[in-house]
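Peer 1: One predicted model, sequence on top.
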Amino acid sequence: MDVRTEDGNPRNKCALQPGHSLMDWIRLGNSGKDLSGVGGKLRPVAPRELAAHSTEGDAWLAIRGRVYNVTHYLAYHPGGTEELMRGAGMDATELFDKVHPWVNYDSLLAKCLVGPLRVDRPDAEELFGSNDSTPRADRLREPSKAQELVRKSMENLANCITPVRKKITARSEESVKSINASRIIQSLVQSSDLPVTISRRAAASPVKDPTDKPPAPLRFDWIQTSQRLTLSVYTGPLANPGGCAQLCDGVLSVDVVTDGWLRTLRLDPEKPLVEPLQFKVYAESGKIEVTAHKEEAGVWRGCGEAEAGAATRTAGPRTLRCAVSARARVSHDTVLLSLRPLAVAVAVPLGYHIRLHFTQEDGSECVRSYTPVGEGWGGELGALRLAVKRYEAGALSPRLAALEQNDSITVSSPYGNFQLQRLKNARKVYLVAAGTGITPMLGLIKFLLSKSNPRCELIHLLFFNKKEEDILFSDKFDEITKEDDRFITTHVLSEASSAWKGLTGRINSALISQCFGKDSLTCTESCGHFAAVCGPTEFTQTALELFSHADMSENCVHAFMG
Ligand code: HEM
């Protein structure tokens, strides 16, 4: 469906009244007017109190655990009052994420913050929540026409980013691209930590439609030792599942998400189980192993009573608290943080990212995306391991990089649109990354070179950085190159020292041809090619265009948004 209007606007933005532009809103925020209505004194808000503020004259909503008074913002909201009111009086995170996850609400509404939303520990449904039948869920489940349009236009945006196959000649295509880019930048006003990169990630992730046919309830079996019980849950080859497990009132609950569908398995165990839990995914087979400890050692006759629920569609990602369990240096400006969710075991699908939420001194919330690096790159097993680069002027990264063991932080459940199935026939893999854009590649490299995946013949990583000391995980790459001759790394530096003997410069077609071979990228029906790109937006776009000029098929290329 083409959602472009006659003026070429593919989106559903409302005409704002004069004096209600973004600049006017920023001006109002700086005028000293009390936009929060609580005099800037933050206080926790109970859901019931939030629900009482649901009229145009008094509208509050919550996003990612923060309650904002949006009464004054209504007239400035580019999507219109009516749309914004759909989120009034409730936790509007899901709705917000469905429409425009790239919008930097935390900056825009910084002066409207009332306080944290008072919630209990998230349960499994909150983490990977399914739709229920409450009126609130109905509001979320049935997107308005406007939301449908926005969703479609976000797909356009994702298409703009991912497959820049042909030379863009049609005017309309050009306008879609420029409109979206300028919107993204506009909506990121006041954001300083890698803004465009992150908005790209956010914009591209949650728009994928779940497949229409619900998958069958989860199949599982179990094994035991005298100390532990392990459930093996099967999702199918390359299903790329994510999920979490937790013990609630003695019941072991396993939530599994694949392709936008949530399936839950609940086990009332024969005898009590205790934490810690482990949640391990085998990417090739799609098998998940959830391990819990027996409270009392011994051999059980059975595992207990299990119930596998029917599949429901997933709601938007939620948040959970994690504690820093380890930190290690990766380079002069990057640390590897291992984060352990409290009382829950979590797995992030390959190629997906999570968001870190950090409350700033003024009470506003800063959100940044990171792709966990997966196993084999350092950090603590079973934890979410994030390579955090410190940007001196960044709003969040200096504080993240300074986190110490046992500090806690809020993390979202995963976002992403990477389909592991795309690697099914991949024999020759070309990875192009810049800086911290290496992180989504790491999981792919391990997966492609794993023993369970004999198909891959070649992985060539072309890794762009400024200086030699900026290259992340370079020792690990050296190790892999020594162990496995299918893996080649070529480093390219833009600010190399005189001692550097490798390639220099920025991404360009000569470098791509020199490294990957002049004609080797041309795709045929059975080429077995796969290319992935990750880096700042311009870098990603250039790489995609170069692949396109080299006649790579769009089906063989994936851009990680960030
Ligand atoms: C939660 C309920 C909300 C709904 C249903 C909603 C809906 C919409 C819609 C339909 C649009 C038009 C999209 C387009 O075509 O550009 C829009 C745009 C926009 N909304 Fe919201 N909105 C919500 C909350 C918010 C909040 C809390 C903010 C925070 C500041 C916000 C900021 C914006 C901005 C900046 C745009 C322009 C986006 C762009 O140009 O990329 N919205 N919204």
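Peer 2: Thanks, I have the structure now.
Peer 1: For the rest of this, base every contact and every neighbour count on C-alpha atoms.
Peer 2: Noted.
Peer 1: For the stretch 101-250 of the chain, give me the ranges with low pLDDT.
Peer 2: The stretch 101-250 of the chain contains residues with pLDDT under 70 at 102, 119-212.
Peer 1: and if we set it to 50?
Peer 2: Within the stretch 101-250 of the chain, the stretches with pLDDT under 50 are 121-210.
Peer 1: For the closest residue to Leu384 other than its chain neighbours, the count of nearby residues, please.
Peer 2: Computed as CA to CA, 6 or more residues apart in numbering, the closest residue to Leu384 that is not its neighbour in sequence is Leu339, at 5.0 Å. Close neighbours of Leu339, defined as other CA atoms under 10 Å, add up to 28.
Peer 1: From what I see, His529 and Ser520 are in contact.
Peer 2: No. With contact defined as CA atoms under 8 Å, His529 does not count as touching Ser520 (9.3 Å).
Peer 1: care to break this protein down by domain?
Peer 2: 1-210, 219-313, 319-412, 420-559 (automatic domain parsing).
Peer 1: so how far is the shortest one off the chain centroid?
Peer 2: Here the centre of mass of C-alpha atoms in domain 319-412, compared against the chain's by CA atoms, centre = their mean, to the nearest Å, lies 13 Å away.
Peer 1: anything in it sitting right up against the ligand?
Peer 2: No. In terms of CA under 6 Å from any ligand atom, no part of domain 319-412 sits within range of the ligand; the closest distance is 12.4 Å.
Peer 1: returning to that earlier point: so which helix or strand takes in the residue nearest to Leu384?
Peer 2: strand 334-341 (DSSP states H and E).
Peer 1: Would you mind checking the average pLDDT for stretch 89-96?
Peer 2: Average pLDDT, stretch 89-96: 92.
Peer 1: can you check stretch 263-274 too?
Peer 2: 95.
Peer 1: Tell me, how many residues neighbour Gly250?
Peer 2: The local packing of Gly250 (other CA under 10 Å) involves 14 other residues.
Peer 1: now it: how far from the ligand?
Peer 2: 36 Å (CA to the nearest ligand atom, to the nearest Å).
Peer 1: Just list what the helix or strand following the strand holding Leu339 packs against, helices and strands only.
Peer 2: Proceeding N to C from strand 334-341, the next assigned helix or strand is strand 345-347, under DSSP H and E. Applying 3 or more CA pairs under 8 Å, 6 or more residues apart in numbering; DSSP states H and E, one finds that strand 345-347 makes contact with strand 242-248, strand 273-282.
Peer 1: Name the strands paired with strand 345-347 and say parallel or antiparallel.
Peer 2: strand 242-248 (antiparallel) (DSSP bridges).
Peer 1: partners of the helix or strand just after the partner strand in the sheet?
Peer 2: Using DSSP H and E, the next helix or strand after strand 242-248 towards the C-terminus is strand 251-258. With DSSP bridges as the test, strand 251-258 is paired with strand 242-248 (antiparallel), strand 261-269 (antiparallel).
Peer 1: can you redo the ones you listed as JSON lines with mean neighbour count?
Peer 2: Formatted as JSON lines, those follow (neighbours: other CA atoms under 10 Å):
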{"stretch": "strand 242-248", "mean neighbour count": "24"}
{"stretch": "strand 261-269", "mean neighbour count": "22"}
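Peer 1: now for these, which one comes closest to the ligand?
Peer 2: With CA to the nearest ligand atom as the measure, strand 261-269 is the member of the strands paired with strand 251-258 nearest the ligand (22.7 Å).
Peer 1: is it fair to say Gln541 lies in a helix?
Peer 2: Yes. Counting by DSSP: H, G, I helix; E, B strand; the rest coil, Gln541 is located in a helix.
Peer 1: What are the boundaries of the helices in the stretch 451-562 of the chain?
Peer 2: Along the stretch 451-562 of the chain, counting by DSSP state H, counting those that start in this stretch, helices occupy 474-483, 509-516, 537-549.
Peer 1: closest to Phe447 out of those?
Peer 2: helix 474-483 (12.8 Å; CA to CA).
Peer 1: who does the closest one touch, helix- and strand-wise?
Peer 2: For helix 474-483, the elements it packs on are strand 487-493, judged by 3+ CA pairs under 8 Å, 6+ apart.
Peer 1: Helix, strand or coil: sort out Lys111 for me.
Peer 2: Using three-state DSSP, the structure places Lys111 in helix.
Peer 1: Quick check: it touching Arg27?
Peer 2: No. Between Lys111 and Arg27 there is no contact, the gap being 11.4 Å when judged by CA under 8 Å.
Peer 1: which one of the two has more residues nearby?
Peer 2: Shown here are Lys111 and Arg27; by other CA under 10 Å, Lys111 has more neighbours (26 against 11).
Peer 1: ok, the residue nearest to Leu384 touching Ser325?
Peer 2: Yes. Taking contacts as CA under 8 Å, Leu339 lies within contact range of Ser325: 5.7 Å.
Peer 1: now the helices of the stretch 451-562 of the chain in CSV, with mean neighbour count, distance to the ligand and mean pLDDT?
Peer 2: Listed next are the helices of the stretch 451-562 of the chain as CSV, based on neighbours: other CA atoms under 10 Å; distance: least, CA to the nearest ligand atom, whole Å; pLDDT from 0 to 100:
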stretch, mean neighbour count, distance to the ligand, mean pLDDT
helix 474-483, 14, 38, 94
helix 509-516, 15, 32, 92
helix 537-549, 21, 16, 87
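Peer 1: Dump those helices into a markdown table; add distance to Ala496 as well.
Peer 2: Shown next, in a markdown table, are the helices of the stretch 451-562 of the chain (distance: least, CA to CA, whole Å):
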| stretch | distance to Ala496 |
| --- | --- |
| helix 474-483 | 15 |
| helix 509-516 | 16 |
| helix 537-549 | 18 |
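Peer 1: thinking again about what came up before, would you turn the helices and strands packed on strand 345-347 into CSV with distance to Ala15?
Peer 2: Formatted as CSV, the helices and strands packed on strand 345-347 follow (distance: least, CA to CA, whole Å):
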stretch, distance to Ala15
strand 242-248, 40
strand 273-282, 48
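Peer 1: Tell me which of those strands lies nearest to Val70.
Peer 2: Comparing the helices and strands packed on strand 345-347 under CA to CA, the one sitting nearest is strand 242-248, at 33.2 Å.
Peer 1: which outside residues touch that closest one?
Peer 2: 124, 127-128, 252-258, 273-275, 277-279, 290, 343-349, 414 (CA atoms under 8 Å, 6 or more residues apart in numbering).
Peer 1: again, 6 Å this time
Peer 2: Residues from elsewhere that reach strand 242-248 (CA atoms under 6 Å, 6 or more residues apart in numbering): Leu252, Ser253, Val254, Asp255, Val256, Val257, Val344, Ala345, Val346, Ala347, Val348, Pro349.
Peer 1: filter those residues to the buried ones?
Peer 2: Leu252, Ser253, Val254, Asp255, Val256, Val257, Val344, Ala345, Val346, Ala347, Val348, Pro349 (16 or more other CA atoms under 10 Å).
Peer 1: Among His529 and Ser520, which residue is more densely surrounded?
Peer 2: Using other CA under 10 Å as the criterion, His529 and Ser520 rank with His529 on top: 26 against 14.
Peer 1: Verify the contact between the more buried one and Asn425 for me.
Peer 2: No. Using CA atoms under 6 Å as the test, His529 is too far from Asn425 to be in contact (8.0 Å).
Peer 1: still on that earlier bit, paired strands for the strand holding Leu339, with orientation please.
Peer 2: When pairs are called by DSSP bridges, strand 334-341 turns out to pair with strand 319-331 (antiparallel), strand 384-389 (antiparallel).
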